[in-house]
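Participant: Turn this into a structure:
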Amino acid sequence: MKVIKRDGSTVEFDKSKIREAICKSMKNGSGIFLGDIARLIANDAEKYFSKQEEIATIYKIEKYVYDRLVHYGQAETARAYEGYRAVQEFKRNTNTTDDSILELLSKRNEDVMKENSNKNPVVSATQRDLIAGEVSKDIARRKLIPAHIVQAHDEGAIHWHDMDYTISPMFNCCLINLEDMFTNGTVINEKLVEEPKSFGTACTVATQIIAQVSSNQYGGQSITIKHLAKYLKVTEEKSYKHYMEMLNDEVLATKLAKDAKMKELKDGVQTIRYQLSTLQTTNGQAPFSTIYLEIEEGHPYEEEMAMICEEMIRQRLEGMKNYKGQEIGEAFPKLVYLLDEHNCLEGGKYDYITKLAAKCTAKRLVPDYQSAKIMRENYEGNTFPPMGKTIAHIKPCEPLKMGV
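Facilitator: Residues are numbered from 1 along each chain as shown. The predicted model follows:
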């Protein structure tokens with residue numbers, strides 16, 4: 001017995017394919033697996049179409065299977081079978097993005113427009129990214145993702161987030177190693193960026209690195225102020241040297257150097273805030289950035305870490321203005337504040353920063369808080385930021401246990 005396929009070619013009837021399609025619908029759709037029903041319907045189909053004068057088509061066979069599922073009281077499986085068949089049909093199509101792209105351009109495709117809240121779908125550069133995303137999703141749905149997963153996504157059982165990046169060999173969230181890039185230099189657009197000579201320059205370079213990383217991955221990026229603290233001290237030392245050469249007065253040079261340090265601290269933190277709030281990456285959005293506010297006792301730049309923490313929180317508490325001139329709290333960078341023995345409101349010397357952070361949280365909903373004690377218990381004595389804007393942390397590597 002022959003069957004006419006969708007492309008018009010003719011093949012031998014194979015009832016095992018009917019049974020397999022029904023079984024997949026049962027397992028991945030209704031969740032009710034009845035192997036006997038699948039075999040029964042496959043046998044029914046073979047008997048029914050062998051008696052027909054005309055050669056059966058795939059469409060007729062699919063309709064027959066659906067009707068038999070209903071006949072045997074398998075309405076849930078019938079619906080799942082219909083959904084599975086629709087997904088398979090979609091995977092066979094070669095031009096499935098026209099409608100979604102046209103709806104995006106006419107601002108009617110709300111699913112795509114609202115997938116990521118910090119992508120403005122009206123901006124041309126962002127629209128280009130979203131259009132490319134629709135094409136990428138189409139390929140992923142038809143060529144990469146298994147049919148039952150696509151079906152579950154379409155039916156709302158799961159949500160495959162960032163499906164438009166599935167086909168790309170790129171990273172998701174990451175921790176940026178600013179220390180290495182600052183100390184050894186880094187390359188941006190094939191230009192060598194050497195170690196910063198001041199805190200202000202370090203802040204600018206940090207935001208440029210975040211923008212470059214963000215443009216070549218999806219998800220968020222995290223940095224820690226520990227890697228910036230050194231350059232605040234560099235600013236103070238450079239200023240002190242300058243004023244000593246000019247004034248030859250140690251007391252005055254020390255005071256002026258500290259004043260210069262405070263000014264550069266405020267300006268540098270402001271640079272980070274405004275850069276990360278106004279930059280647009282090739283993904284058509286501001287970087288999903290997180291800044292880790294930590295103070296490590298005994299660290300050579302402990303004082304500078306505390307100063308940056310305090311200023312970062314103070315400026316976030318003040319907020320910035322939107323295009324209407326109204327005071328707002330920016331969405332990014334996200335702040336994560338590390339609570340340790342010295343700042344957990346039990347008489348520690350940095351409790352004043354924690355109290356300021358609590359005020360900021362009450363008003364701006366940031367920073368988030370992390371327990372150094374719990375981190376050290378879970379991560380081999382280490383503390384480090386979450387990846388990007390999420391609460392995910394990299395886990396320690398464990399050696400593979402091979403059986404003999």
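Participant: Residues contacting the helix or strand encompassing E20, please?
Facilitator: E20 is part of helix 15-25 when elements are defined by DSSP states H and E. Here helix 15-25 makes contact (C-beta atoms under 8 Å, 6 or more residues apart in numbering) with 33, 35, 37-39, 41-43, 45-46, 61, 65, 69, 77, 80-81, 83-85, 147-148. C-betas here are computed from N, CA, C, even on glycine.
Participant: Can you spell out which helices and strands pack onto the helix or strand following it?
Facilitator: Once the chain leaves helix 15-25, the next helix or strand it forms, by DSSP H and E, is helix 35-50. Packing contacts for helix 35-50, counted by 3 or more C-beta pairs under 8 Å, 6 or more residues apart in numbering; DSSP states H and E, involve helix 15-25, helix 58-71.
Participant: then helix 35-50 to PDB, C-alphas only?
Facilitator: Extracted C-alpha coordinates of helix 35-50, given in PDB (Å, rounded to 0.1, in the frame of the first residue of the first chain):
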ATOM      1  CA  GLY A  35       0.500   1.800  24.100                       C
ATOM      2  CA  ASP A  36      -2.400  -0.500  23.200                       C
ATOM      3  CA  ILE A  37      -4.500   2.400  21.900                       C
ATOM      4  CA  ALA A  38      -1.600   3.500  19.700                       C
ATOM      5  CA  ARG A  39      -1.200   0.100  18.200                       C
ATOM      6  CA  LEU A  40      -4.900  -0.400  17.800                       C
ATOM      7  CA  ILE A  41      -5.300   2.900  15.900                       C
ATOM      8  CA  ALA A  42      -2.200   2.100  13.700                       C
ATOM      9  CA  ASN A  43      -3.800  -1.300  12.800                       C
ATOM     10  CA  ASP A  44      -7.200   0.400  12.200                       C
ATOM     11  CA  ALA A  45      -5.600   2.900   9.800                       C
ATOM     12  CA  GLU A  46      -3.800   0.100   7.900                       C
ATOM     13  CA  LYS A  47      -7.100  -1.900   7.500                       C
ATOM     14  CA  TYR A  48      -9.100   1.200   6.500                       C
ATOM     15  CA  PHE A  49      -6.800   2.700   3.900                       C
ATOM     16  CA  SER A  50      -5.900  -0.700   2.400                       C
END
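Participant: Give the buried residues for it.
Facilitator: I37, A38, R39, I41, A42, D44, A45, F49 (16 or more other C-beta atoms under 10 Å).
Participant: Nearest to F384 among those residues?
Facilitator: Comparing those against F384 with C-beta to C-beta places A38 closest, at 51.1 Å.
Participant: And that closest one, what's its pLDDT?
Facilitator: You'll see A38 listed with a pLDDT of 88.
Participant: between the helix holding E20 and helix 58-71, how many degrees?
Facilitator: 50 degrees (axes from the mean of the first three to the mean of the last three C-alpha atoms, to 10 degrees).
Participant: for the record, mean pLDDT for helix 15-25?
Facilitator: On average, helix 15-25 scores 86.
Participant: For that helix, list every residue counted as buried.
Facilitator: So, applying 16+ other C-beta under 10 Å, buried residues of helix 15-25: K15, I18, R19, A21, I22, C23, K24, S25.
Participant: could you pull out the strands for the stretch 101-250 of the chain?
Facilitator: Using DSSP state E, counting those that start in this stretch, the strands of the stretch 101-250 of the chain run over residues 174-175, 186-188, 191-193, 220-224.
Participant: Now do the same contact list for the closest residue to L178 other than its chain neighbours.
Facilitator: Spatial nearest neighbour of L178, excluding adjacent residues (C-beta to C-beta, 6 or more residues apart in numbering): H227 at 3.9 Å. Neighbour list for H227: L178, E179, F182, A206 [criterion: C-beta under 8 Å, 6+ apart].
Participant: Which of those ranks first by neighbour count?
Facilitator: Among the contacts of H227, the one with the most neighbours (other C-beta atoms under 10 Å) is A206, at 27 neighbours.
Participant: you'd agree that one is up against I272?
Facilitator: Yes. Between A206 and I272 a contact is recorded at 6.7 Å, counting by C-beta atoms under 8 Å.
Participant: sorry, back to before: among the contacts of H227, give me the pair with the biggest separation.
Facilitator: Greatest spatial distance among those (C-beta to C-beta): E179 and A206, at 11.0 Å.
Participant: who touches whichever strand or helix holds A362?
Facilitator: Under the criterion DSSP H and E, the helix or strand holding A362 is helix 351-364. The contact list for helix 351-364, computed with C-beta under 8 Å, 6+ apart, reads 293, 295, 306, 309-310, 313-314, 316-317, 319, 329, 337, 339, 343-345, 366-367, 369.
Participant: Buried by neighbour count, from those: which ones?
Facilitator: By 16+ other C-beta under 10 Å, the contacts of helix 351-364 give 293, 295, 306, 309-310, 313-314, 316-317, 319, 337, 339, 343-344, 366-367 as buried.
Participant: Give me the subset of these lying in helices.
Facilitator: Residues of the buried ones among the contacts of helix 351-364 located in helices (DSSP state H): A306, C309, E310, I313, R314, R316, L317.
Participant: need the contact list for the last one.
Facilitator: By C-beta under 8 Å, 6+ apart, the contact list for L317 reads L356, K359, C360, K363, R364.
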